Structures are given as structure tokens and as C-alpha cells.
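Engineer: predicted coordinates and the sequence they were generated for:
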Amino acid sequence: MTHRPIILGIVGDSAAGKTTLTRGIAQVLGEDDVTIICTDDYHRYDRQQRAEKKISALHPDCNYLDIIQQHLSLLRTGQPILKPIYNHHSGTFDPPEYIHPSKFVIVEGLLGYSTRGMRDSYDVKVYLAPPEDLRSTWKIKRDTRKRGYTEEQVIEQLRQRESDSEKFIRPQRQWADVVVTFYPANNGSEHDDLLLNVSLVLRPTIPHPEFSALLGDKTDGHLGSAVRLELDRDMGKPVDVLEIDGHATADQVLELERMLCNEVPYLGKFCSLEGNTSIGKVVGTTGETLQSYPLAITQLLITYHMLKAAHIHQ
């Protein structure tokens, strides 16, 4: 390879929205240019063995972290890997898959920032942190519809996993460049995924777009009612926080997109302004495809960082 792959990490607890975000970004970048790796495939034990050993999939001892780290190092230098495959439907392992990295690699899963070697392999690190009640709703919905569990089984699994979530998953937030939190508006239903707001914690570990130039005083301007940039602290450290309301209008989002697309010339062709219909799409409860503007901006911001990294490493 002339240029090494650009690697994005997306980490979060079970059903935090990792796969939804990953697929959307891959569609924006072009699926032929993206390799997706799920670190959940690196479980050490199958479902039956985990039950016998009384260990959850969230525990580091239940995963081959050393092999994940090794594979990330290989991918970063453009080398192929033989990736294991965990079958979530059967709870067992399928034959491994030979993978050669594309221009972009998205690595999503539970424990992707667990070691220094893993963390050093990413160009951009994202952590998903929805409110726990919303994540529980998403997990119940997913596992009952797609993985054959009953609602009672999912609730019990959440209860059993809570200590591991607190000990091993949530602390990884500290390593992220961007922390993404989708949450319901005060007067909205947590079940209405289309109207969720998003809070984007922008850590100074990577250079973010100059949003302040566009937004100005948070109480003024065209975007002020739906898009706000604020100073805050996250895990004790100062950060910028970009808030986007679910009721943001198309015009407001287009203005923010235009600023992003104009600031970075090589981002332009990926913007919805240029007719990219993949941005911000979510599937509604009845199966229809809907547009979420907070999701669109989140995808575009992460795409911005991946393309900027690619530009730097040309």
C-alpha cells in the first residue's frame, strides 16, 4: 500500500449504537473503501462456556485482547489478518475470515481501548455513551427481535453484566477523542429514535472544526435555537460540547454541513450538500427509512476526522 489505512475506533457497551454508527459512516465513505472489524469476534469462550464459567462477554479475561492488539498493528501497516467470527445467533464460532484492510478501517466493539497498544493503533477514537435507560431499551429491542432472547432474559443479562460494564466498559470513555451521547429531549419519548438529541464531547486530543466561528454567541444566530457549542468538563478535564437538537431543521443542519464541507476541501464530495443520501438515515419502528439530523452531523464530523487523518498521512 502507498498509504497506510486510517483506523477509526468506536467503543461502547452492548447495544449503545456502535453498529448503527459504523454502518452509516461506512456508507458515507463508500463501502468499497471501508473494512469493518468487530472486536466482539475475539471472545475466548462461546455462549455455553461463558455460562459454565460464570463470566460475561464484557470481561477482559473472556476476550483475546492480545490478538486484537496484534491484528490492529497488522492492519495499521496494511497487512491482512485471519479474523475470528463469533455468531451472535448461535452463540458459537464460525470459520475465520481472511481480511485485507481497505483505505479506511472501522473497529467497533466492547473493549477496543483496553490496552495501550490498541489505543495507539487508532487515528480517531469515538466512545458511545447513551443514557443507561435508553441503552437498555435498545438492547431489549435488538436482542428480542434479532437474537432470539425473551425480554426477561435480556433484563437479567443487563443486571448480571452491570458490574463489568462499570469496571471495564465505561472507563474507556477517558481515551476517546469524541464522546457521542444520543438522548431524548425533555418532552420527548425515549422510544422515538428519530427525535433524539445528540451531545458531542470534543476533546482537545485531536483538532476539531472551528465551530465557534459559525455559532458565535449561543443565544444568537440562525443555528442558536437548535445547535449550541458550550464549554464544559468531562471526567474532570475541560472540553467543548456540541449539542444538536432532534428538532433541528434541514436548513440549520445544512448550514452546519456547509461550514464543515467548506473548511475541508477533501470532505466536500461526502457531504449531503453534494447529494449524498446516506447521511443520517435511521430505520423507523415500522421499517421505513427516516432522516435524523443529529445523526447526520455526528457521521459527518467523524468522517471529517477520518478524511483529515488520511490527508495528513498522504
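Structural biologist: Looks like it arrived, so ask away.

Engineer: and for residue 247, the neighbour number?
Structural biologist: Residue 247: 14 surrounding residues under other C-beta atoms under 10 Å. Every C-beta, even on glycine, is put in place using the N, C-alpha and C of the backbone.

Engineer: tell me which residues touch it, please.
Structural biologist: By C-beta atoms under 8 Å, 6 or more residues apart in numbering, the contact set of residue 247 is 185, 195, 226.

Engineer: out of the residues you listed, which sit inside strands?
Structural biologist: Nothing among these maps onto strands, per DSSP state E.

Engineer: out of those residues, which comes closest to residue 41?
Structural biologist: residue 195 (33.4 Å; C-beta to C-beta).

Engineer: where in the stretch 1-150 of the chain is pLDDT low?
Structural biologist: The stretch 1-150 of the chain contains residues with pLDDT under 70 at 1-2.

Engineer: quick check, distance from the biggest helix by length in the chain to the centre of its chain.
Structural biologist: With DSSP state H setting the assignment, residue counts place helix 293-312 as the longest helix in the chain. Centroid separation between helix 293-312 and its chain, computed with C-alpha atoms, centre = their mean, to the nearest Å, is 12 Å.

Engineer: other SSEs contacting it?
Structural biologist: When contacts are defined as 3 or more C-beta pairs under 8 Å, 6 or more residues apart in numbering; DSSP states H and E, helix 293-312 packs onto strand 6-11, helix 18-29, strand 124-128, strand 178-183, strand 197-202, strand 237-244, helix 250-263.

Engineer: just to revisit the earlier point, so which of the contacts of residue 247 is the most crowded?
Structural biologist: Highest neighbour count within the contacts of residue 247: residue 226, with 20 neighbours (other C-beta under 10 Å).

Engineer: so that residue touches residue 250, yeah?
Structural biologist: No - assessed by C-beta atoms under 8 Å, residue 226 is found out of contact with residue 250, at 10.9 Å.

Engineer: of all the helices and strands packed on helix 293-312, which one is nearest residue 56?
Structural biologist: Nearest of the helices and strands packed on helix 293-312 to residue 56, taken as C-beta to C-beta: strand 6-11 at 16.4 Å.
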